[in-house]
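# sequence first, then the predicted structure, then my questions.
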Amino acid sequence: MSTLSIMLASACLCATKTFASETSASAFDHSSKSVHEDFHDDRVRQAKLDLWLHGAFAMSPAADNDGERDVAAIAADLEMQVAKAPLRHGPVREVRRRLKRDLQLEESNSGWYSFLENVLSVRGGDGAVKEDHASRLEMQLAELSAKFGKPFVDAIEQNKAEHAADCAQSCELFYCADDSNTVQWGPETHPNTSFASYSFGSVPPEDFSQEFQFPLDLIKVTEGKPLFSPEESANVIHQAEEEGVDKNEYKSGKYKLGGDWLINLPQTRSWFNSKLEHVLFPLLHHLFPEIIRSPSVLRAHSVSLLKYNHTHPRTDIHIDNGILAMTLAMTPQSEYNGGGTFYEHMGVGNILPMDVGHGTFRPGSVRHGGHRVTSGTRYILGAFLLLEDHVEHVRRLKNRGSELRTSGDLQGAINHFEWALALNPRCTTCLKDWAEILVSQKDFVQAEEKIRSALDMLEGLDSDALFTLGLILSEQGKDDESISTYRKSIELNAEDAELCYNLGIKLGEKGNTRGELAMYKKATEIDPKFGGAWINMGTTLAEAGDLESAELMFLKAIECSDEVKTKGMMNLTLLLQKKANSLAAGGDLNRAKLAIDDAAKLVDEAKPLLDAKMALGGANSEDAMFASQLKPMRVQIHRLCGQILAGMGDLVACEAEFRTAGEKFGDIPGIWDALAKVLDLQGKTEEAKQAREKMKAILNSL
């Protein structure tokens, strides 16, 4: 085997092929060509190589003269494609450039053409089902069972049982083929439908990582003739709306989604089952022969029809819960603005084109999201898929670890992440989840090690991992590194409200008030109910002396969740006290009285809410702090209100204010002293004397 062949085989880039099987003998027969033609042939091949280095897939090394254009025109067209080639295939580019750099090509034409023949036909996987997957997996499981013992064995058996149950349930609801099904997909049966291939990123799918190899051209999008017509799709949506799909919503990640599961939409499910039988399962078998031996092993696991509009605009960035996933466009692009699927490693602005009737097919473990719909309505049908003859042990171990973490069994969660990583050391989600546990345990050194390992494999293209690293660096006092890391995360996912909020905090700590406020503003634009961002904006504005704007921010916070409502109320109370003081000092007693009355109303409304939190034991340290401040804050409001009333000359109302304060807080000596002074001013000497006696008694008891 030549050096070139050895290196290509070691990179596992493609199945072994002979040059003759791909190209006719005349393709490189230079004896019959002029020097002029040779020159343009070389231009074509060089342009194709340049496109390959940019990440293009499935290219032939031949000049592809179609008989209608000469080679010079083809070369010019390809060179223009090179000039406009997008930079979306980052990991693919790097793999290919390393390969080209490492190969020592011969100077002869035969070496050059041989190189082109090999590299231009490269695609992910080897184009055939790996027959040794089961035996290799069983050998690996046996070794790990000996290493980790019975807990690992029990977890693997649980995986198998859950997988069998999920597959059985799938066949109760969705179409399942048998080996007698002869429906096929290919260029012969569907000549007008083709596929564009896009990079899956730098890390193979969590399960079957050895079956899918670089350059991982595993995101497949249909082109040409759609899988179903716009009219058929419109009928499906009409039917689904009659079943109530447009009236339902549910939470997924950080966002509320419109739509419903197909288990609740029987008529829509019937249409989908027909598509599984005649189109989708044969298509998937055609696209991913590395792992799908037959359409009969495919199982539709979780299927939903989702509705996006301005009230339910997008999803967060996530991975899908299946070895394979599909997205079908159900609405013409002309009926909405925005929308579309993006993949984080490609950049949030790179939306994959997909009009109604077209589909995207991919392994499930790639990070992606639904781009924001700004107007109109967009429907998509999304499905997660299982393979009946392949248990996804890595995914199931990781998912169970996440469930154990949520339930508080941190050691059990860590065990599951460790086992999953033993099966696939490139399980980056396992490393990320493990790091988050270590953060909760304040083990920031180990947490940083885990999250950096994940980011190294992901080539830094994971906003969640960068967010976690930013948090870890912040906890270690590495503020400049933390801010830099948060900024990198925002470059990948500027629609993460919590990320913008955290960066705002760090910028505030560094004295960058303008940047701090900009991040809080961005957070509230993404999530108008993000109370913490409204509160921090109000606090920052108040500290800068902009009390009017700060008041509006605290009012916004009060409209948010109960978690931050009391904090907003207490902050606004403090602001109104400050405002009343400032107005009174400036002689505007009427507005000062309005401000202090609003403060009194707020603190009185906050008290029962805080009391309830304390009684139920659900209060956090901040709630406890505010609860301890209720009494002194209310006393101060009574005192300031009395002083304003006295300044306005309304001594009767002033007396009433201090008497009310005395009834509620009779153990505060200052209240009786203030009441005595007001009584003296009104000539009520005996009552003033009694008030002072109460004050002395309290002081003597202290």
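Alright, I've got the coordinates. As the structure is a computational prediction, the values presented were derived from the model and not from experiment.

# which non-adjacent residue is nearest the residue nearest in space to the middle of the chain?
The chain has I317 as the residue nearest its centroid, 2.3 Å off, counting by C-alpha atoms, centre = their mean. Of all residues not flanking I317 in the chain, G369 sits nearest, at 4.2 Å (C-beta to C-beta, 6 or more residues apart in numbering). All C-beta spots, glycine's among them, are computed from the backbone N, C-alpha and C.

# and that neighbour, what does it touch?
By C-beta atoms under 8 Å, 6 or more residues apart in numbering, the contact set of G369 is 314-318, 341-342, 344, 348, 493.

# which of the three states applies to T360?
Following DSSP: H, G, I helix; E, B strand; the rest coil, the label given to T360 is strand.

# tell me the pLDDT of L116.
Turning to L116, the model gives it a pLDDT of 57.

# I'd say the residue nearest to the centre of the chain and A465 touch.
No: with contact defined as C-beta atoms under 8 Å, I317 does not count as touching A465 (11.1 Å).

# how many residues are close by D598?
18 (other C-beta atoms under 10 Å).

# D320 belongs to a helix, doesn't it?
No: counting by three-state DSSP, one finds D320 to be coil, located in no helix.

# in stretch 257-272, what counts as buried?
257-260, 262, 265, 268-269, 271-272 (16 or more other C-beta atoms under 10 Å).

# repeat for stretch 602-614
Across stretch 602-614, burial judged by 16+ other C-beta under 10 Å covers 602-603, 606-607, 609-610, 613.

# in a markdown table, list those residues along with distance to A168.
Below are these laid out as a markdown table (distance: C-beta to C-beta, whole Å):
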| residue | distance to A168 |
| --- | --- |
| L602 | 57 |
| V603 | 59 |
| A606 | 53 |
| K607 | 55 |
| L609 | 49 |
| L610 | 51 |
| K613 | 46 |
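
# least confident of those residues?
The minimum pLDDT among the buried residues of stretch 602-614 falls on K613, with 84.

# what's the neighbour count on the closest residue to Q636 other than its chain neighbours?
Leaving aside its sequence neighbours, Q636 sits nearest to Q577 (C-beta to C-beta, 6+ apart; 6.7 Å). Around Q577 there are 21 other residues, counting by other C-beta under 10 Å.

# give the contact list for Q577.
Q577 sits next to 595-596, 599, 633, 636-637, 640 when contact means C-beta under 8 Å, 6+ apart.

# out of those, what pair is the most spread apart?
Pairwise distances across those peak at 14.4 Å for A595 and M633 (criterion: C-beta to C-beta).

# between these two, who's got more neighbours?
Neighbours per residue, other C-beta under 10 Å: of A595 and M633, the larger number sits with A595, 26 against 20.

# my read is the more buried one is in a helix, agree?
Yes: counting by three-state DSSP, A595 is part of a helix.

# grab the nearest non-local neighbour of it.
Excluding its sequence neighbours, the residue lying closest to A595 (C-beta to C-beta, 6+ apart) is A580, at 4.0 Å.

# quick one: the one you found and A599 touch, right?
Yes: using C-beta under 8 Å, A580 is in contact with A599, at 6.7 Å.

# so for the strand or helix carrying G642, what gets flagged as buried?
If you go by DSSP states H and E, G642 is part of helix 621-647. Within helix 621-647, the residues scored as buried using 16+ other C-beta under 10 Å are 623, 626-627, 629-630, 633-646.
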